[in-house]
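Novice: Here is a sequence together with a model predicted from it:
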Amino acid sequence: MKAVIPAAGLGTRLLPITKSQPKEMMPILNKPAIQYVVEEASYGGFDQILIITNRNKKVMEDHFDRNLELRELLTKKGEEEALKKLIKIEELADIYYLRQKEQKGLGDAVLCSEAYVGNEAFAVLLGDDIIISDIPAVKQLWEAHLKVKAPVIALEEVPEDHVERYGIVELGEEVEAGVFKITKIVEKPKKEDAPSRMAVMGRYILDHDIFTWLRSGKTGHGGELQLTDSLANYIDTKGLYGMPVKGLRVDIGSVGDWLKANLQVALLNPELKEKITRYLDELKAEGRL
Ligand code: UTP
């Protein structure tokens with residue numbers, strides 16, 4: 001099965017770190033964000049992955065490539081644990097890369113994958129959106145897709161004052177357990193115009209129809225080609241479905257998000273959780289918090 005990971009955005013909210021390296025290579029603890037996303041795709045059954053990149057792509061390619069020198073060194077030193085980690089990354093999936101020539105928006109990045117995905121249904125996972133879950137989020141969506149036989153997107157309820165940051169949907173009937181028909185979708189609406197607080201997360205199961213709409217699509221919010229605007233066309237044709245996926249979602253779009261993402265993931269590890277708690281207690285005792 002094929003997955004597409006758009007990772008060509010400029011990441012301007014994270015400048016200057018994103019001046020020469022992709023936002024998707026920002027570390028969440030000791031793994032770059034995109035590794036969590038590639039692992040989710042791979043463990044979810046998507047072993048053919050196309051990453052949409054820009055001119056700063058080299059470091060991303062290197063990360064998933066074979067590093068024979070390092071393998072040899074770790075073998076000689078008998079560092080088996082480190083070697084295992086290295087091999088695991090290198091053998092995750094067949095990864096292909098394609099450059100988005102100009103950063104014209106997420107819709108345009110997805111459009112770059114047209115020739116690669118052909119006529120099959122495929123998954124899109126945003127490279128800066130991490131979902132940690134027992135069952136990979138993209139697999140949860142794929143299973144829903146098999147039931148409804150139409151495109152399915154991941155949803156999450158967000159606080160009212162966050163609706164302006166996301167694509168927001170209006171939900172209709174629940175057609176399968178936890179899978180809802182979508183009756184309306186709008187990109188980054190004003191609080192007062194938002195049809196609900198259900199936001200589109202960075203996971204989608206789509207099919208080739210999307211490319212027709214993207215190709216004829218007009219630039220939308222922010223002067224970019226928005227994926228959300230093209231998704232709206234499914235509503236009046238074969239239908240569009242939404243599913244609140246199970247898992248912890250962390251975002252790295254801004255400095256604050258990235259810092260929080262590191263804390264959220266660290267708190268899942270009992271040893272790190274204890275260290276963080278102890279450090280916070282110390283800060284409190286010293287009156288620095
Ligand atoms: P964002 O909306 O977060 O945009 O992209 P951005 O450009 O990366 O970041 P800012 O707003 O300038 O700080 C969501 C996802 O879509 C990809 C990004 O890499 C990210 O994974 N994207 C966005 C592209 O691949 N190409 C684009 O032209 C825009």
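Specialist: Received it, and whenever you're ready, just let me know what you need.
Novice: State the pLDDT value of the residue nearest the centre of the chain.
Specialist: Nearest residue to the geometric centre of the chain (Cα atoms, centre = their mean): Leu126, 2.8 Å. If you check Leu126, the pLDDT there is 96.
Novice: One more: Asp251?
Specialist: With respect to pLDDT, Asp251 has a value of 89.
Novice: Point out the residues in the stretch 1-150 of the chain that sit beside the ligand.
Specialist: Selection of the stretch 1-150 of the chain residues close to the ligand by Cβ under 6 Å from any ligand atom yields 6-13, 23, 52, 100, 103-106, 108-109, 126-128. Just so you know, the C-beta spots here come from the backbone N, C-alpha and C atoms, and that holds for glycine as well.
Novice: among those, which are in strands?
Specialist: 6, 52 (DSSP state E).
Novice: ChimeraX command for the buried members of the residues of the stretch 1-150 of the chain next to the ligand?
Specialist: A single ChimeraX command selects the buried members of those (16 or more other Cβ atoms under 10 Å):
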select :6,7,8,9,11,23,52,100,104,105,106,108,109,126,127,128
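Novice: May I have the residues that are in contact with the residue in the chain that the ligand sits nearest to?
Specialist: The ligand sits closest to Gly9 of the chain, with a gap of 2.0 Å, by Cβ to the nearest ligand atom. Applying Cβ atoms under 8 Å, 6 or more residues apart in numbering to Gly9 gives the contacts 23, 54, 103, 106, 109, 128.
Novice: Same list, the residues you listed, but as JSON lines with distance to Ala33 please.
Specialist: Supplementary listing: the contacts of Gly9 in JSON lines, determined by distance: Cβ to Cβ, whole Å:
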{"residue": "Lys23", "distance to Ala33": "7"}
{"residue": "Asn54", "distance to Ala33": "16"}
{"residue": "Gln103", "distance to Ala33": "18"}
{"residue": "Leu106", "distance to Ala33": "16"}
{"residue": "Ala109", "distance to Ala33": "16"}
{"residue": "Asp128", "distance to Ala33": "6"}
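Novice: those strands in the protein, which residues are they?
Specialist: 2-6, 27-28, 31-32, 48-53, 94-99, 122-125, 129-132, 152-157, 167-176, 179-187, 198-206, 241-244, 248-251.
Novice: Make TSV from those and add distance to Lys218 to it.
Specialist: Formatted as TSV, these follow (distance: least, Cβ to Cβ, whole Å):
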stretch	distance to Lys218
strand 2-6	19
strand 27-28	35
strand 31-32	34
strand 48-53	21
strand 94-99	24
strand 122-125	20
strand 129-132	25
strand 152-157	21
strand 167-176	16
strand 179-187	12
strand 198-206	19
strand 241-244	24
strand 248-251	27
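Novice: and of the ones you listed, who's closest to Lys275?
Specialist: strand 27-28 (16.5 Å; Cβ to Cβ).
Novice: Parallel or antiparallel, which strands does that closest one pair with?
Specialist: strand 31-32 (antiparallel) (DSSP bridges).
Novice: tell me the mean pLDDT over the partner strand?
Specialist: According to the model, strand 31-32 has a mean pLDDT of 94.
Novice: Same question for stretch 97-111.
Specialist: According to the model, stretch 97-111 has a mean pLDDT of 95.
Novice: still on that earlier bit, which residue, other than its chain neighbours, is closest to the residue nearest to the centre of the chain?
Specialist: Gly202 (3.0 Å; Cβ to Cβ, 6 or more residues apart in numbering).
Novice: Wait, the one you found touches Val138, no?
Specialist: No - using Cβ atoms under 8 Å, Gly202 is not in contact with Val138; the gap is 10.1 Å.
Novice: Next, show the common contact partners of the two.
Specialist: Counting by Cβ under 8 Å, 6+ apart, the shared contacts of Gly202 and Val138 are Leu125.
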